[in-house]
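# need a structure here:
(one chain, ligands or ions: 1)
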Amino acid sequence: MDGHIRFDTKDCALLLLDQRRLPLAEETFACRTVDDVVYALRTMVVRGAPAIGVSAAYACRIALKEALAAGSDWAEALHSLLDRLVRARPTAVNLAWAVNRMRAAWKPGCDPRDLARTWEALALEIHAEDVAMNRAMGRFGAELLDDGDTVMTHCNAGALATGGHGTALGVIRSAVEAGKKISVIANETRPFLQGARLTAYELHRDGIPVTVACDNACSQLMKTGRVQKVVVGADRIAANGDTANKIGTSGVALLARHYGIPFYVAAPGSTFDLSIPDGSHIPIEERTPEEVTHAGGTRVVPEGVAVVNEAFDVTESGLITGIVTEKGVIRPDRESILRAMGGAP
Ligand SMILES: CSC[C@H]1O[C@H](OP(=O)(O)O)[C@H](O)[C@@H]1O
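Have a look, this model is predicted:
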């Protein structure tokens with residue numbers, strides 16, 4: 001699964017596989033303005049913390065083209081456009097991480113043509129790095145899985161959520177590549193159904209056995225011995241290991257602890273936010289009520305009834321068995337994280 005995030009240099013366009021349409025249709029959504037990219041991020045044409053970061057890196061090149069239309073004030077206009085990209089989604093730290101990395105490569109007073117070349121190369125580098133990190137993570141994580149395991153996942157932390165290969169699904173793919181027989185239970189993950197639509201789509205294409213389960217089946221599946229491991233992705237990991245991920249993840253972690261099932265988080269270094277001491281500081285995105293009031297375009301909640309649609313929750317580090325990173329599997333505690341991630345900012 002690759003090619004879901006592409007940049008057309010000639011057209012200066014970010015080409016995205018439209019994840020809102022999967023699994024029924026494989027359609028490309030073309031972004032030629034920052035407005036297009038912000039729309040794509042907010043409506044989850046592209047989603048998944050690392051994929052959001054990679055897309056934003058390419059989008060900086062679009063922002064530069066747009067800013068140059070402002071003439072002599074192009075630098076000020078560009079900073080404003082980059083700020084709009086960062087504000088598109090608040091929880092996944094990879095978005096700000098990628099844009100900040102692009103900004104750091106922008107030498108004040110440089111010729112915009114040089115900046116365009118620098119940014120195009122850097123965005124490609126960020127994309128390639130993400131895939132390489134996922135493969136390194138996969139190798140480390142695959143050692144945690146045993147032949148014959150059924151692994152529960154939540155949401156989609158696959159190739160579609162990253163630059164390629166995936167984080168949680170990257171661990172599973174690498175275990176299969178190493179010859180282990182792995183099956184997956186993919187929690188459907190209401191309300192956007194990333195598990196039912198995207199994880200199932202990815203693994204079915206790969207020939208990896210996958211069963212979709214209702215989110216509320218989790219306890220029953222664990223209690224009856226049908227889950228040996230849990231591996232999930234992450235959107236932001238605080239310095240103490242508290243981890244923000246798709247809503248419902250903390251409940252899965254609590255149930256895994258109750259039933260004595262190892263619970264792993266797989267995430268690259270770009271997902272760690274060492275500037276915050278614990279998960280209470282992680283902003284939680286509130287999404288549109290329509291994602292809850294409607295299913296498949298049909299209203300399922302009576303008009304006038306309130307809904308809550310927080311897109312993420314935070315799993316306390318004490319519920320996490322280990323964090324799989326490109327640098328190895330680390331304990332979810334401040335000392336281990338700072339040692340692995342090179343110290344506090
Ligand atoms: C590879 S981590 C992907 C991470 O992002 C997802 O959120 P969303 O689909 O809203 O972007 C979910 O939390 C995944 O675990």
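# residues in this protein within reach of the ligand, list them.
Contacts of the chain with the ligand, taken as C-beta under 6 Å from any ligand atom, map to 47-50, 155, 157, 161-162, 167, 194, 232-235, 245-246, 311. Heads up, the C-betas are built off the backbone N, CA and C, glycines and all.
# Filter those residues down to just the ones in helices.
Those of the residues of the chain next to the ligand mapping onto helices are 49-50, per DSSP state H.
# surely Gly328 meets Phe140?
Yes: contact status for Gly328 versus Phe140: in contact at 5.4 Å, counting by C-beta atoms under 8 Å.
# of the two, who's got more company?
Taking other C-beta atoms under 10 Å, Gly328 and Phe140 do not tie; Phe140 has more neighbours (19 against 16).
# Now do the same contact list for the more buried one.
324-326, 328-329 (C-beta atoms under 8 Å, 6 or more residues apart in numbering).
# how about 6 Å then?
324, 328-329 (C-beta atoms under 6 Å, 6 or more residues apart in numbering).
# what about the closest residue to Thr167 other than its chain neighbours, how many residues close to it?
Closest residue to Thr167 apart from its sequence neighbours, by C-beta to C-beta, 6 or more residues apart in numbering: Ala266 at 4.1 Å. Residues lying near Ala266 (other C-beta under 10 Å) number 30.
# What separation do you get for Ala266 and Ala157?
7 Å (C-beta to C-beta, to the nearest Å).
# what do these two both touch?
167-168.
# thinking again about what came up before, a markdown table for the contacts of Phe140, including pLDDT?
Output for the contacts of Phe140, formatted as a markdown table (pLDDT from 0 to 100):
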| residue | pLDDT |
| --- | --- |
| Val324 | 98 |
| Gly328 | 97 |
| Val329 | 98 |
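# Switch those over to TSV; also include secondary structure.
Listed next are the contacts of Phe140 as TSV, based on DSSP: H, G, I helix; E, B strand; the rest coil:
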residue	secondary structure
Val324	strand
Gly328	strand
Val329	strand
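# Can you tell me which of those lies closest to the ligand?
For these, the residue nearest the ligand by C-beta to the nearest ligand atom is Val324; the value is 11.5 Å.
# quick one: the helix or strand hosting Leu95 to chain centroid distance?
Assessed by DSSP states H and E, Leu95 sits inside helix 93-104. Between the centre of helix 93-104 and the centre of its chain there are 15 Å (C-alpha atoms, centre = their mean, to the nearest Å).
# now for that helix, which elements pack on it?
helix 49-68, helix 74-86 (3 or more C-beta pairs under 6 Å, 6 or more residues apart in numbering; DSSP states H and E).
# For those, state which one has the densest average packing.
helix 49-68 (a mean of 26; mean count of other C-beta atoms under 10 Å).
# gap between that helix and the chain center?
With C-alpha atoms, centre = their mean, you get 16 Å for helix 49-68.
# give me every residue that touches the residue nearest to Thr167.
Contact analysis of Ala266 by C-beta under 6 Å, 6+ apart lists 137, 141, 167-168, 171, 231, 324.
# can you rerun that using 7 Å?
Going by C-beta atoms under 7 Å, 6 or more residues apart in numbering, Ala266 touches 137, 141, 157, 167-168, 170-171, 231, 233, 324.
# list the contacts for whatever residue of the stretch 151-300 of the chain ends up closest to the ligand?
Going by C-beta to the nearest ligand atom, the ligand is nearest to Gly233 of the stretch 151-300 of the chain, at 2.8 Å. Going by C-beta under 7 Å, 6+ apart, Gly233 touches 49, 155, 157, 161, 167-168, 245, 266-267.
# among these, which are in strands?
Under the assignment DSSP state E, the contacts of Gly233 contribute 245, 266 to strands.
# now the contacts of Gly233 as CSV including distance to Gly207 and pLDDT?
Shown next, in CSV, are the contacts of Gly233 (distance: C-beta to C-beta, whole Å; pLDDT from 0 to 100):
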residue, distance to Gly207, pLDDT
Ala49, 26, 96
Cys155, 22, 98
Ala157, 19, 98
Ala161, 20, 98
Thr167, 20, 98
Ala168, 18, 98
Asn245, 27, 98
Ala266, 21, 98
Ala267, 26, 97
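# All set now, cheers.
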